[in-house]
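Engineer: After the sequence you'll find the predicted model.
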Amino acid sequence: MIAATARRSFDVRDYNLAATLACGQAFRWERCGEAWNGVVGARWVRLCAGQGAITAEVAGPVPDWDWLTDYLQLDLDLDAVVRTFPDDEPMRAATTACRGLRLLRQDPWECLASFILSSSKQIVQIRQLITTLCERYGQALVVPGAGAPAYAFPAAVRLAETSEAELRACKMGFRAPFLLATARRVAGGEFDLARVGNLPVEDARAALMGLPGVGRKVADCVLLFAYGFPWVMRALRQLYFPRRSVELPRLRQFADTHFGPNAGYAQQYLFDYMRRVRKP
């Protein structure tokens, strides 16, 4: 479907759009020259970073842009967040290397399903898998001009209608029964994703880990990227305990006490630093 274009420019300070969209927290963004094409909810979006601004292009008309402001976390005071990070060598290096990285605020269902599919996959493979899933089961979206087709992430109720064999045909392998069972629980009202955000973090984690295919790692990703709960775990062994054997309970205790109120942000900076700069 083709439609006219609506554009909006947002003033930003210290916002690294490329780092934010390519750091492994979301899987629907593709770089196209100087721009990034992706999908937010039921809208195709093109984003372009300029000097002190991010310009968004979508299919018009657009009654308001609050949905994008929230998704991109444009109103966040990044300086205030960074000031809460611990003052140690790994954190200073990560903050310098990844300055401007933001955490997106994602739709809980899409985030949950995406990280169920992420198990034992590289980022490029996850993107391919999700692209196939969306093309087969997602709603076709309006795209300005003559752009390539775009699709929304399929709703839980749509995936609940499929079979395991159909999902396996999307090349998701052993993840297919997990995604199907979770979709059916969400679609049937047995699991309320909206309620998770109102729970204490430990209760929210336990609730998510009760879903098929959701272990601690997937649950923590969903808590951080969809709900904004603070946590930090990845990259700690390499950066803080490089030559020591540290048991997981000790590592979690360190994470709970060392990184302050914005531990989730600290985690993402450390993870992206390890991924792009100081590769293990």
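Structural biologist: Cool, the structure landed. Numbering: from 1, shown residues only.
Engineer: okay, CA-based contacts and neighbour counts for the rest of this
Structural biologist: Will do.
Engineer: Give me the mean pLDDT for the strand or helix carrying P249.
Structural biologist: Assessed by DSSP states H and E, P249 sits inside helix 248-258. For helix 248-258, mean pLDDT rounds to 83.
Engineer: roughly how far out does the next helix or strand after that helix sit from the chain middle?
Structural biologist: Next in sequence after helix 248-258, counting helices and strands by DSSP H and E, comes helix 263-276. Computed by Cα atoms, centre = their mean, to the nearest Å, the chain-centroid distance of helix 263-276 equals 13 Å.
Engineer: same deal with stretch 98-115?
Structural biologist: Offset of stretch 98-115 from its chain centre (Cα atoms, centre = their mean): 2 Å.
Engineer: which other residues reach it?
Structural biologist: 14-17, 19-20, 25-27, 41, 70-73, 78, 126, 130, 153, 155-156, 179, 193-194, 218-219, 221-222, 225-228, 265, 268-269, 272-273 (Cα atoms under 8 Å, 6 or more residues apart in numbering).
Engineer: Next, the angle from the helix holding P249 to helix 263-276.
Structural biologist: Interaxial angle, helix 248-258 versus helix 263-276 (axes from the mean of the first three to the mean of the last three Cα atoms, to 10 degrees): 120 degrees.
Engineer: Now find how far off-centre helix 248-258 is within its chain.
Structural biologist: Once both centres are worked out by Cα atoms, centre = their mean, helix 248-258 turns out to sit 23 Å from its chain's centre.
Engineer: same question, stretch 73-83
Structural biologist: Using Cα atoms, centre = their mean, the offset of stretch 73-83 from its chain centre is 18 Å.
Engineer: what about that stretch, how long is it end to end?
Structural biologist: Terminal residues of stretch 73-83 are spaced 18 Å apart (Cα to Cα, to the nearest Å).
Engineer: for it, which positions count as buried?
Structural biologist: Going by neighbour count (16 or more other Cα atoms under 10 Å), the buried part of stretch 73-83 is Q73, L74, L78, V82.
Engineer: what's the closest of those to D203?
Structural biologist: Q73 (25.3 Å; Cα to Cα).
Engineer: can you count the residues close to the nearest residue to that closest one once chain neighbours are set aside?
Structural biologist: Residue nearest to Q73 in three dimensions, not counting chain neighbours: L104, with 6.2 Å by Cα to Cα, 6 or more residues apart in numbering. Per other Cα atoms under 10 Å, the neighbour tally for L104 reads 22.
Engineer: quick one: L104 is in a strand?
Structural biologist: No. Judged by DSSP: H, G, I helix; E, B strand; the rest coil, L104 forms no part of a strand; its state is coil.
Engineer: so W44 touches A140, yeah?
Structural biologist: No. W44 lies out of contact with A140 (Cα atoms under 8 Å); the separation is 9.8 Å.
Engineer: Please identify every residue contacting each of the two.
Structural biologist: Each of A150, Y151 lies in contact with both W44 and A140 under the rule Cα under 8 Å, 6+ apart.
Engineer: what ranges do the helices span in the stretch 151-280 of the chain?
Structural biologist: Shown for the stretch 151-280 of the chain, the helices assigned by DSSP state H, counting those that start in this stretch span residues 156-160, 164-168, 175-187, 193-196, 201-209, 216-227, 236-240, 248-258, 263-276.
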